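Engineer: coordinates for the following, if possible.
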Amino acid sequence: MTTPPSRSFAGMFDSIVSNVSIALRGKHEAVELAVLSLLADGHLLIEDVPGVGKTSLAKALAASVDCSWQRIQFTPDLLPSDVIGVSMWNRERESFNFQPGPIFANIVLADEINRASPRTQSALLEAMEERQVTIDGVTRRLPRPFLVIATQNPVEHEGTYRLPESQLDRFLMRISIGYPDRASELEILDTKSHGEPRIEPVLGVAEIVSMIEAIDRVRMADSIREYLVDLVHASRRHAGLALGLSPRATVQLAKASRAMAAARGRDYVTPDDVQALCAPVLAHRIVVGHDAASRGLTAHDAINDIVSTVPTPSGR
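Structural biologist: Presented below is the predicted three-dimensional model:
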């Protein structure tokens with residue numbers, strides 16, 4: 001794909017979303033955001049209760065783009081080497097052989113990441129950030145595309161190691177899938193009675209990589225860039241926040257907005273693209289102050305306040 005993103009990009013995006021939705025009924029928005037995370041070369045955090053389809057989402061996404069996937073169940077005794085791999089001594093050859101960990105897959109489901117120790121969490125998050133691992137002085141690149149879908153129990157669940165803000169900031173988006181509506185749940189019952197739906201690939205790895213590269217060619221006007229910076233700066237002045245947005249948030253929101261524009265069949269970003277992504281891209285990066293939280297202010301409320309008060313640029 002050598003031309004700027006156009007309807008062909010949007011068509012490919014829609015085909016992935018439709019295909020993944022076969023396995024995750026009634027959750028179109030969550031599926032769209034997961035696909036956008038993949039195409040924006042980011043990572044996705046899902047904060048939700050067990051059983052709402054997180055594994056189905058990861059498996060269906062990997063199957064739809066014909067790439068490898070691994071699931072890592074995080075537990076308190078999981079070691080960093082269980083995630084990234086280990087060098088083992090080969091007696092016959094009298095040398096070390098590297099045994100790659102499950103991180104060496106295109107799509108990795110890091111299930112219940114907040115049940116692992118901070119040391120193991122850090123090993124995963126560093127690999128996510130650097131897109132490579134170094135063991136015994138040897139650096140090994142992770143495959144491309146590379147998407148980590150991490151799941152986290154709601155904070156009120158006991159026995160967990162909550163991710164600190166500095167590590168939450170490494171996820172492009174945070175979403176919640178939520179329970180299905182009545183009609184979707186009836187459809188799930190009917191589908192499960194006939195076995196798991198078979199997901200066939202609609203695109204290949206090379207096409208996904210081309211789509212990722214094409215997003216960088218989506219145009220962003222100076223007025224939109226200034227709008228992004230104004231949103232981030234407004235968070236730092238918000239009276240209800242103990243911690244505002246970092247410069248990383250500006251970069252990530254720009255990347256996601258370009259992906260959204262391409263998915264909508266345009267080669268330029270509009271304010272609507274930015275505003276549609278403010279909650280999933282920004283809400284997990286801020287910290288609500290204790291007084292404001294006691295009055296009922298949530299991170300999503302604060303982001304909505306900021307979006308409503310910062311002037312929206314006209315045009316594109």
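
Engineer: spatially central residue for the chain, please.
Structural biologist: Central residue of the chain (C-alpha atoms, centre = their mean): Leu44, 1.7 Å from the mean position.

Engineer: against Trp69, how distant is that residue?
Structural biologist: Computed as C-beta to C-beta, to the nearest Å, the Leu44 to Trp69 distance reads 13 Å. Bear in mind the C-beta positions are built from the backbone N, C-alpha and C, glycine included.

Engineer: and the one helix or strand Ala249 maps to, what's buried?
Structural biologist: Following DSSP states H and E, one finds Ala249 within helix 247-263. Buried residues in helix 247-263, counted by 16 or more other C-beta atoms under 10 Å: 249-250, 252-263.

Engineer: just stretch 71-84 next, same as before
Structural biologist: Going by 16+ other C-beta under 10 Å, stretch 71-84 has these buried residues: 71-72, 74, 78, 80, 82-84.

Engineer: need the buried residues of helix 247-263 in JSON lines (columns: pLDDT and distance to Val20).
Structural biologist: Below are the buried residues of helix 247-263 laid out as JSON lines (pLDDT from 0 to 100; distance: C-beta to C-beta, whole Å):
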{"residue": "Ala249", "pLDDT": "96", "distance to Val20": "27"}
{"residue": "Thr250", "pLDDT": "97", "distance to Val20": "29"}
{"residue": "Gln252", "pLDDT": "98", "distance to Val20": "22"}
{"residue": "Leu253", "pLDDT": "98", "distance to Val20": "24"}
{"residue": "Ala254", "pLDDT": "98", "distance to Val20": "25"}
{"residue": "Lys255", "pLDDT": "98", "distance to Val20": "21"}
{"residue": "Ala256", "pLDDT": "98", "distance to Val20": "18"}
{"residue": "Ser257", "pLDDT": "98", "distance to Val20": "22"}
{"residue": "Arg258", "pLDDT": "98", "distance to Val20": "21"}
{"residue": "Ala259", "pLDDT": "98", "distance to Val20": "16"}
{"residue": "Met260", "pLDDT": "98", "distance to Val20": "17"}
{"residue": "Ala261", "pLDDT": "97", "distance to Val20": "21"}
{"residue": "Ala262", "pLDDT": "97", "distance to Val20": "18"}
{"residue": "Ala263", "pLDDT": "97", "distance to Val20": "14"}
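
Engineer: how far away from the center of its chain is the helix holding Ala249?
Structural biologist: Centroid displacement of helix 247-263 relative to its chain, using C-alpha atoms, centre = their mean, to the nearest Å, is 12 Å.
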